[in-house]
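1. Can you look at this prediction? I've put the sequence above it.
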Amino acid sequence: MDNYLDKLPDFVNTVKSIQETIITNIVLIGQIPSPTFKEKRRTQVMMERLAEFQVDECSTDGYRNPIGIIRGTSESKPPIFVVANLDTVFARDVDHYYTIKENSITGAGILDNSLAVGVLVSMPEIFRTLNLRFESDIVLAGVIQSIGKGNLRGIRHLLKTWHTPIRGAVCIESSGLGRFNYYTDGMIRCELECNISTVDGWEYKFKPNAILVINEVINQIQKLRLPQKPRSRVIFGKTSAGFKHGMIAYDAMLGFEIQSDSDRMVKSIFNDIKDIIDGISHEYEVDLKLKTISSLNAARLKFNHPLVKSTVAVMKKLEIEPISAPSESEISIFLAKKIPAVTLGVTRGENHHQVNAKVEIEPISKGITQIIGVMMAIDKGVCDEKRLA
Amino acid sequence: MKNDWLEKNTFHYSEFNDLDRLVDEKRKKNLKISLCLPTLNEEKTIAKEILIMKSELMTRYPILDEIVVVDSGSTDKTREVARAFGADVYEAKDILPDLENFKGKGENLWKALYVTEGDIIVYLDADIKNIHYRFAYALIAPLLFYDNVKYVKAFYDRPIAIGKNKFRPTGGGRVTELVIRPLFSLYFPELTQILQPLSGEYAGSREVFEAIPFPIGYGVETSMILDIYEKWGLDVIAQVDLDKRIHRNQDTRALGKMAFVIMMTFINRQKKLGLIELKNDLFREMIQYNLVRDEYQSDIFKIEGHERPPIIEIPEYRHKFNKN
């Protein structure tokens, strides 16, 4: 076990030696706009690059997730998955052209999650440079329709239709180095829409204002008593309303998430919120529509799971401080299917979700090496004996 | 007008996607290829250009032998960044320092001939936001595969039918469509087949570039086409569709200055070739007006119209390249 760990510090420099190729991949792929549900062009470029780097198989699955497979030396070992989501939060008309400086890359989507996709595509070249062969097949998957309303559809479909067992998985996120996710909260993501008829009718004594109605919903949700155990919370993340300063708002929207490490608690809070909304809708005589746009079940690897322990060992060997928090990314779908998986961040960055998002170049080679270290651990069998508790 | 050139000498970059073939052909012909990036305050885009070209066309496919940046005296970090990313960086004034010093894109291109080693030289503008390595290899390929071709120009929109009876315009820039195309139509109709004569991306053999003069400023692309056409004919020229190019947009006043220089270059060439006679010399000032408070004030842009002779006439060059 220590044998592969000892190799890792040297790997960092070898990975750095092909940094230009890795950054080229990040730029060539990241500059293609890829809003959720419109990932076709980025998928095409990812396939072209994978073919360029001569993976053994390169195709899309039935849901159009681009996949490259590097054949392993064993015919019996199940594959190891390495995945990164292909979609970004930015629309096509946003400038996606990156600026590179001595130690930074700046541009829309680089942190979420274009850098990770570039790293994923570079894996065949990185393995060649490191002279690495795995026993397992390595499945490099860019998954579409992941974020927001995408609701992780790409990864859900990929795992639903994959016909063999999966040995383990590493999910790659661009930010930040040290990020280490091995558990996921239960979650329901909702959108509440308030619509008020623009026609003055007999039913209103005082015409309601959609902003104030939404405000009342927020106030009442905030009055809910949420337990500390199971750890639970409601996050208000998005809102929009109205047309202009001097006119009552007829429409308003609120986006929020219910999170808890207990699925039952998520469901219970959701029902409480639904009651609040029904009550306000009745009392204010307004149309309030609550839509669930995505949901996840809580799942986790225990801290003593060999994959968790090995990942911590890899990070420590590379002097990376692991920082753990629940994640709502692809890992939750792997864990829900009892496939051991972790999420790792590649580098440090700033201005998340903004057009001027910026990543540091220098830590990238270390970030990639930790991913390879974890893949090596899986290939050595750390996930083989102990499945998910 | 002979108009089969457009069909014969127009390519699409995708015809040259097999880079192993390019590498083989280059080896077979034992050629060296240089990429030159002329710069002036391009710190935002230069690193990306160098990095992508180096990774794809030097490390992965050994097509380029060197990447050279010739800078006009940037006041930002252009030279520092370019050097950090592995290009050979020169300041134009330090090349052939005994000659009088001029400042301009044409000067950088001309001086690059002295510092580069390639038999083929690729010139790319350094402000291309959507830079891709096709910008270089697709310009090089016709020079490797077609013996008659000595000079290759880029264009960026596809002037082809996209459906029954549907055509897209060729999409030349404003200066191309309002200045250079009308002039070519009047004097050299054959040259109108070059769809974007002002594009800043082109490649050619050293023997062509060393034998033609280079105006210092904007006029260099126009004069290059006219001189190559006059010396070797249209068949040595080819053009390649590079799909799409994103760069800084210039305002109308800046384009006006560009148009002025290009017209001046064109008329001077006409005069030199004996195609027109001028009774007076041309004025060398472009005059534009600004309204400042309630007063119109002139803004005068003076063009010296300097031009470098064919570099083969420079003794230091002949000496360096054994051209005696």
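-> Right, received. Where do you want to start?

2. Get me the contact residues on chain B for chain A.
-> For chain B, the residues in contact with chain A (CB under 8 Å from any CB of the partner chain) are B:43-45, B:47-48, B:51-52, B:54-56, B:59-60, B:80-81, B:84-85, B:129-130, B:132, B:246. Yep, even glycine has a C-beta here, placed from its N, CA and C like the rest.

3. what about the closest residue to A:Ser232 other than its chain neighbours, how many residues close to it?
-> Closest residue in space to A:Ser232, ignoring its immediate chain neighbours: A:Ser260 at 3.7 Å, by CB to CB, 6 or more residues apart in numbering or on different chains. Neighbour count of A:Ser260, defined by other CB atoms under 10 Å in any protein chain shown: 25.

4. swap in A:Leu226?
-> Applying other CB under 10 Å, we find 16 residues neighbouring A:Leu226.

5. With B:Met263 instead?
-> So B:Met263, with other CB under 10 Å, has 18 neighbours.

6. which residue sits closest to it in space, ignoring its chain neighbours?
-> According to CB to CB, 6+ apart, the nearest residue to B:Met263 is B:Val179 (6.2 Å).

7. So, low pLDDT: which residues of chain A?
-> A:1-2, A:199-206, A:385-389 (pLDDT under 70).

8. what about the helices in the chain?
-> This is for chain A. All helices of chain A, identified by DSSP state H, fall at A:2-17, A:19-30, A:40-52, A:115-130, A:153-161, A:210-222, A:263-284, A:306-317, A:331-336, A:364-379.

9. Oops, wrong one, chain B.
-> So, for chain B - with DSSP H - the helices run B:5-8, B:19-29, B:46-54, B:78-84, B:105-115, B:134-145, B:174-175, B:181-187, B:206-209, B:220-232, B:252-272, B:315-320.

10. Output the contacting helices and strands for the third one.
-> In this case it means helix B:46-54. helix A:19-30, strand A:99-101, strand B:33-39, strand B:66-71, helix B:78-84 (3 or more CB pairs under 8 Å, 6 or more residues apart in numbering or on different chains; DSSP states H and E).

11. Out of the ones you listed, which is the most enclosed?
-> Among those, strand B:33-39 has the highest mean neighbour count (mean count of other CB atoms under 10 Å in any protein chain shown), at a mean of 27.

12. Only C-alpha atoms, please: export that strand in PDB.
-> Taking C-alpha atoms only, strand B:33-39 is exported to PDB below (Å, rounded to 0.1, in the frame of the first residue of the first chain):
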ATOM      1  CA  ILE B  33       8.800  26.100 -39.600                       C
ATOM      2  CA  SER B  34       8.600  29.300 -37.400                       C
ATOM      3  CA  LEU B  35       5.600  30.900 -35.800                       C
ATOM      4  CA  CYS B  36       5.800  34.600 -35.300                       C
ATOM      5  CA  LEU B  37       3.500  36.600 -33.200                       C
ATOM      6  CA  PRO B  38       3.800  40.400 -33.600                       C
ATOM      7  CA  THR B  39       2.700  42.100 -30.400                       C
END
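
13. now that strand, how far from the centre of its chain.
-> 10 Å (CA atoms, centre = their mean, to the nearest Å).

14. angle of it against helix B:220-232?
-> Using axes from the mean of the first three to the mean of the last three CA atoms, to 10 degrees, the direction of strand B:33-39 lies 140 degrees away from that of helix B:220-232.

15. Okay, angle between strand B:33-39 and helix B:46-54 too, please.
-> If you take the same axes, to 10 degrees, strand B:33-39 sits at 170 degrees to helix B:46-54.

16. and of the helices and strands packed on helix B:46-54, who's closest to B:Leu144?
-> strand B:33-39 (8.9 Å; CB to CB).

17. Check the stretch 201-350 of chain A for the residue nearest chain B and tell me.
-> A:Thr347 (16.4 Å; CB to the nearest CB).

18. That residue: what's it in contact with?
-> A:115, A:174-177, A:359-361, A:363-364, A:367 (CB atoms under 8 Å, 6 or more residues apart in numbering or on different chains).

19. Sitting in strands, which of those residues do you find?
-> Counting by DSSP state E, the contacts of A:Thr347 place A:174-175, A:359-360 in strands.

20. from the residues you listed, which two are the most distant?
-> A:Ser174 and A:Glu360 (10.9 Å).

21. tell me, what's touching these two both at once?
-> By CB under 8 Å, 6+ apart, the residues touching both A:Ser174 and A:Glu360 are A:347, A:349.

22. which of these two has more neighbours?
-> Between A:Ser174 and A:Glu360, A:Ser174 has the larger neighbour count (other CB under 10 Å), namely 31 against 17.

23. how near is the nearest residue to that one once chain neighbours are set aside to chain B?
-> Nearest residue to A:Ser174, sequence neighbours excluded (CB to CB, 6+ apart): A:Leu115, at 3.7 Å. Distance, A:Leu115 to chain B, using CB to the nearest CB, to the nearest Å: 15 Å.

24. Assess the claim that A:Leu115 and A:Ser104 are in contact.
-> No - using CB atoms under 8 Å, A:Leu115 is not in contact with A:Ser104, being 11.4 Å away.

25. Now the common contact residues for those two.
-> A:Val359.

26. who's more crowded, the two?
-> A:Leu115 (35 against 18).

27. For the more buried one, give me its contacts.
-> A:26, A:30, A:105, A:174, A:346-347, A:359, A:364.
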